[in-house]
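Colleague: Take this sequence and fold it.
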Amino acid sequence: MAKVAGRFARVEPRATARVFVAGLLSDVERKNCWSLAEHCRHRRPDAMQRLLRSARWDADAVRDDLRDLVMERLGHPDGVLIVDETGFLKKGEHSAGVQRQYSGTAGRIENSQIGVFLAYASGRGRALIDRRLYLPRDSWCADGPRRTAAGIPEQAAFATKPNLARDMIAAALDAGIPARWVTGDEVYGQDPSLRAELEDRGTGYVLAVSCATRVCINDGRTPVRADTASAGLPGSAWQTRSAGAGAKGPRTYQWAWIALDGDGSRPQLLVRRNIATDERAFYLCFTPQPTPLSTLVRVAGVRWSIEECFQAAKGQVGLDHYQVRHFTSWHRHITLAMLALAVLAFLVAEATTTPTGPGHLPIDLTANEIRHLMNALIFDQPRSPAQVLHWSIWRRMHQGRARHSHYQRRLAT
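Modeller: Reported below is the predicted structural model:
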């Protein structure tokens, strides 16, 4: 927290931010302003709510400090930038960016907000380093009164998810983050402008694309679908390689690399085949220098690191536990949650040991185990009965006022 202390104009929000992050690392079940204030021995949630809504501090500047910390602790020349989105299921229609839209979190169309995130992964660890709230064009960007009510600034124009990703990647590379590769799923791999910008920068990528993507074979003379290009590959073209360790062991697939031109100046097609089902996935790859297949397989496998970041961020530091509607409040909560997640990532990196063999026991400290130890040894301080009763009364008083207001509003209409 000392690294970001200078971003807060006054000592009060600086102190509140510190206990807010400590609360996110705690074992509190729901990490919203009410529960965090109770956990931190505050009498009311007002300070936490001011921190997210009206206190003077710049969440983007804190994000930049976080990115610098990640470079310092986890940076490596072969690092990979990973872009992906995640959904935040919501009720109502007043939260910034909310609408009925497809959410990968739910696996269907739901009333939700969508955040586009950038993660950094290296052999030392992984962490989220940037975020953008996706604002739908018609229901939000074109609705002036709705934008104003949700605190969306005038400069926040409509941008597609690939455009948001391109802005975050450019900011990270301009800041000097050591990343030789970029990877992402089909939403981002299908965007030609994102691929073109990475090629202009000389940054390699392994981006997933759909089976219907048109590629040119025979030295660029014959356009065909990606699945058609891979259909006639001989058995000798496939190599069995692991894309990294999974929850149940190595993620082993068969891989083939189809050169789309002779000099490698244009993207190449990487094909992944499931050994058991023959199901195939496709990636467009750009390699500024000659690169072995094993490296491309590694980068393709690293893409799952951001899913693990989302799982840890939501399950351990309350990334999706917020109860805010305001555009600024969303970015502030998400930034502090990313900072808390980075604390765990740094501690995991420092605690990693070298396995001594197949029977290496115990396993390395995980983020979940480190958070458990932090709570047991540092944060878990008993509360007095008076504190418990105070918060019980405060919650019920607030809920009573809210219920009375709802009844009065309905009676008036």
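
Colleague: so what pLDDT did P223 get?
Modeller: Looking at P223, its pLDDT reads 83.

Colleague: Repeat that for the one 5 residues further on.
Modeller: For T228, the pLDDT comes out at 90.

Colleague: Distance check, it against V215.
Modeller: As judged by Cβ to Cβ, to the nearest Å, T228 and V215 stand 9 Å apart. Every residue, glycine included, has its C-beta placed from N, CA and C.

Colleague: Compare those two and say which is more crowded by neighbours.
Modeller: For T228 versus V215, neighbours defined as other Cβ atoms under 10 Å are more numerous around V215 (22 against 14).

Colleague: need the contact list for the more buried one.
Modeller: 223-226, 229, 258, 260, 269, 284 (Cβ atoms under 8 Å, 6 or more residues apart in numbering).

Colleague: which SS class is A172?
Modeller: At A172, secondary structure determined by DSSP: H, G, I helix; E, B strand; the rest coil is helix.

Colleague: same question but for A119, I mixed them up
Modeller: Following three-state DSSP, the label given to A119 is strand.

Colleague: correct me, but it touches I82?
Modeller: Yes: using Cβ atoms under 8 Å, A119 is in contact with I82, at 4.4 Å.

Colleague: Overlap in contacts, these two.
Modeller: Shared contacts of A119 and I82, defined by Cβ under 8 Å, 6+ apart, are found at 305-306.

Colleague: ok, the nearest residue to S294 once chain neighbours are set aside to V271 distance?
Modeller: Leaving aside its chain neighbours, S294 sits nearest to R241 (6.3 Å; criterion: Cβ to Cβ, 6 or more residues apart in numbering). Remark: distance between R241 and V271 (Cβ to Cβ) = 12 Å.

Colleague: what's the answer for C33, then?
Modeller: From C33 over to V271 (counting by Cβ to Cβ), the distance is 48 Å.

Colleague: same question, V116
Modeller: From V116 to V271 the distance is 27 Å (Cβ to Cβ).

Colleague: Kindly report the same for R53.
Modeller: Taken as Cβ to Cβ, the span from R53 to V271 is 49 Å.

Colleague: These two: which is more packed in?
Modeller: V271 (22 against 15).

Colleague: who does the more buried one bridge with?
Modeller: A256, F282 (DSSP bridges).

Colleague: Summarise which helices and strands the helix ranked longest in the chain is packed against.
Modeller: Counting residues, the longest helix found in the chain (DSSP state H) is helix 385-412. With contacts defined as 3 or more Cβ pairs under 8 Å, 6 or more residues apart in numbering; DSSP states H and E, helix 385-412 has these neighbours: helix 33-39.

Colleague: okay, now S242: neighbour count?
Modeller: S242: 15 neighbours (other Cβ under 10 Å).

Colleague: Over to E199?
Modeller: 16.

Colleague: On the strand side of things, show who the closest residue in space to it that isn't next to it in sequence bridges to.
Modeller: Nearest residue to E199, sequence neighbours excluded (Cβ to Cβ, 6+ apart): F286, at 5.5 Å. Note on F286: beta-bridge partners by DSSP bridges are Y205.

Colleague: How about the contacts made by F286?
Modeller: Counted by Cβ under 8 Å, 6+ apart, F286 has contacts 195, 198-199, 204-205, 266-268.

Colleague: do the same with V271
Modeller: Listed by Cβ under 8 Å, 6+ apart, the contact partners of V271 are 226, 230, 233, 255-258, 280-283.

Colleague: which regions of the stretch 201-350 of the chain sit below the pLDDT cut-off?
Modeller: 219-220, 247-248, 261-266 (pLDDT under 70).

Colleague: Mind jotting down where the helices sit in it?
Modeller: 226-231, 293-302, 304-316, 327-351 (DSSP state H, counting those that start in this stretch).

Colleague: Now the common contact residues for R241 and V271.
Modeller: Contacts common to R241 and V271, judged by Cβ under 8 Å, 6+ apart, are W255.

Colleague: now the end-to-end length of stretch 217-236.
Modeller: One end of stretch 217-236 to the other measures 19 Å (Cα to Cα, to the nearest Å).

Colleague: coming back round to it: quick one: which of the contacts of F286 is nearest S26?
Modeller: Y205 (38.4 Å; Cβ to Cβ).

Colleague: Quick check: buried residues in stretch 50-57?
Modeller: 51-52, 55, 57 (16 or more other Cβ atoms under 10 Å).

Colleague: before we move on, what about stretch 99-110?
Modeller: Applying 16+ other Cβ under 10 Å to stretch 99-110 flags 99, 101, 103-105, 110 as buried.

Colleague: now, among those, which is nearest to P290?
Modeller: Among the buried residues of stretch 99-110, and counting by Cβ to Cβ, the member closest to P290 is G104, at 35.0 Å.

Colleague: Look up how far D185 lies from the closest one.
Modeller: Following Cβ to Cβ, the distance that separates G104 from D185 is 9 Å.

Colleague: Could you do V297 as well?
Modeller: V297 is 16 Å from D185, by Cβ to Cβ.

Colleague: likewise F286?
Modeller: Taking Cβ to Cβ, one finds F286 at 16 Å from D185.

Colleague: One more: R371?
Modeller: 28 Å.

Colleague: number of nearby residues for R180?
Modeller: Counted with other Cβ under 10 Å, R180 comes out at 20.

Colleague: Next one: the closest residue to it other than its chain neighbours, what pLDDT does it get?
Modeller: Once flanking residues are discounted, R180 sits nearest to D78: 5.5 Å by Cβ to Cβ, 6+ apart. With respect to pLDDT, D78 has a value of 93.

Colleague: same question, L365
Modeller: 79.

Colleague: Helix or strand for it, just tell me which one.
Modeller: Using DSSP states H and E, L365 falls within no helix or strand.

Colleague: what's the residue nearest in space to the middle of the chain in contact with, if anything?
Modeller: Centroid-nearest residue in the chain: F117, 4.0 Å away (criterion: Cα atoms, centre = their mean). Applying Cβ under 8 Å, 6+ apart, we find F117 in contact with 83-86, 128, 130-132, 306, 309-310.

Colleague: ok, now how distant is it from I129?
Modeller: 9 Å.
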